[in-house]
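> Fold the following and give me the result.
(one chain, ligands or ions: 2)
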Amino acid sequence: MSALRLAVFDMDGTLLDSLPDLAECCCEILAQCGLPLLSDMQVRSMVGNGVQALVERAFRASLDKKAEESGRAQVMPISTEEAVSRFMAAYTPRATRLSRLFPGTEDALRTLRAQGWLLAVCTNKPEKAARRILSDFRLEDLFAAVGGGDSFAARKPDARHLLGTIAQAGSAPERSVMVGDMPPDCLAAQAASCPFVFAGWGYGAPELADKAVVKAAAMQDIPTLLARIMPV
Ligand SMILES: O=C(O)COP(=O)(O)O
Ligand SMILES: [Mg+2]
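Residues are numbered from 1 along each chain as shown. Ligands and ions are numbered 1, 2, ... in the order given. Below is the predicted model of the structure:
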């Protein structure tokens, strides 16, 4: 018998509109260092490659802003390691304070389960933070696997992250579909030979739709689209 169909979801920008909490925590760390703050819109395109990339991009943008204002070159005031650790200390306990599931998410997930799909999360966010978020929204029981950015030897765009998540969920790549909003999601799906569905409501550039088997306009459309891509 072939494996059950598996719908794998990215988290930030796909299941969860996490930008307000991510941006607030970035600003908190920048403020501690006396650096200019960034708007949610500036932080938006920095999300998707994991915490370290987010923190590095936020500091780079803020340091550039200060250099422009002061006319003097600026250097990183703390180590990247320290910045990441401060970010996680601020973010983990309050990751769902302002963040919300995108409209229709819970219904779409329950519909997929009722139609026999297994569900998994494959996020570059640390696994502990991802699990805490799912539990805060009472969604954890719906997922057969949660693959975080620190769960495997590599993370998206590396296929091993997605393949490890699929194996943990008890499915197979040829029975799996990846839904995500950013290039690392698309690249991991391609490398794992899984169809990629572009979450058009997320933080990614619209052109990413060209690399997807389909662009979904809203979470409500996901059950129908996935059934079309992978009939029973
Ligand atoms: O970049 C992150 O930390 C998480 O992003 P993702 O959930 O979109 O993979
Ligand atoms: Mg994302």
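> residues touching the nearest residue to residue 33 once chain neighbours are set aside, list them.
Counting by Cβ to Cβ, 6 or more residues apart in numbering, residue 33 lies nearest to residue 77, which is 4.7 Å off, once chain neighbours are set aside. Where C-beta positions appear, they are placed from N, C-alpha and C, glycine not excepted. Shown in contact with residue 77 (Cβ atoms under 8 Å, 6 or more residues apart in numbering): 33-35.
> neighbour-wise, which of those residues leads?
residue 35 (20 neighbours; other Cβ atoms under 10 Å).
> Tell me the one of the contacts of residue 77 nearest residue 196?
Lowest distance from residue 196 to these (Cβ to Cβ) belongs to residue 35, with 36.1 Å.
> Against residue 87, how distant is the closest one?
Noted for residue 35: a distance of 14 Å to residue 87, by Cβ to Cβ, to the nearest Å.
> Do a quick rundown of the strands in the protein.
6-9, 16-17, 100-101, 118-122, 145-147, 176-180, 196-199, 214-216 (DSSP state E).
> so residue 192 touches residue 164, yeah?
No: Residue 192 is beyond contact range of residue 164, at 9.9 Å (criterion: Cβ atoms under 8 Å).
> Could you check which of the two is surrounded by more residues?
Taking neighbours as other Cβ under 10 Å, residue 192 and residue 164 compare with residue 192 leading, 24 against 20.
> which of the residues in the longest helix seen in the chain are buried?
Counting residues, the longest helix found in the chain (DSSP state H) is helix 51-70. For helix 51-70, the neighbour count (16 or more other Cβ atoms under 10 Å) marks 51, 53-59, 61-63, 65-66 as buried.
> For this structure, list the residues in contact with ligand 2, please.
10, 12-13, 48, 181-182 (Cβ under 5 Å from the ion).
> Could you chop the chain up by domain?
Domains of the chain are assigned by automatic domain parsing as 6-17+100-229, 19-94.
> which of those sits most buried?
domain 6-17+100-229 (a mean of 20; mean count of other Cβ atoms under 10 Å).
> Work out the gap between it and the centre of the chain.
8 Å (Cα atoms, centre = their mean, to the nearest Å).
> quick one: that domain near ligand 1?
Yes: contact of domain 6-17+100-229 with ligand 1 (Cβ under 6 Å from any ligand atom) involves 10-13, 123-125, 182.
> Can you pull the phi/psi pair for residue 95?
When quoted as degrees, to the nearest 10, the phi and psi of residue 95 stand at phi -70, psi -20.
> give the contact list for it.
18, 21, 129, 132-133, 136 are the contacts of residue 95 under Cβ under 8 Å, 6+ apart.
> how about CSV for these, with distance to residue 119 and pLDDT added?
Listed next are the contacts of residue 95 as CSV, based on distance: Cβ to Cβ, whole Å; pLDDT from 0 to 100:
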residue, distance to residue 119, pLDDT
18, 18, 97
21, 23, 97
129, 18, 94
132, 18, 95
133, 15, 97
136, 17, 97
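> pLDDT weak spots in the chain?
Across the chain, residues meeting the criterion (pLDDT under 70) sit at 1.
> For it, which residue gets nearest to ligand 2?
residue 13 (3.6 Å; Cβ to the ion).
> and the nearest residue to residue 165 once chain neighbours are set aside, how far is that from residue 115?
Leaving out its chain neighbours, the residue that sits closest to residue 165 by Cβ to Cβ, 6+ apart is residue 147, at 3.3 Å. Counting by Cβ to Cβ, the gap from residue 147 to residue 115 is 22 Å.
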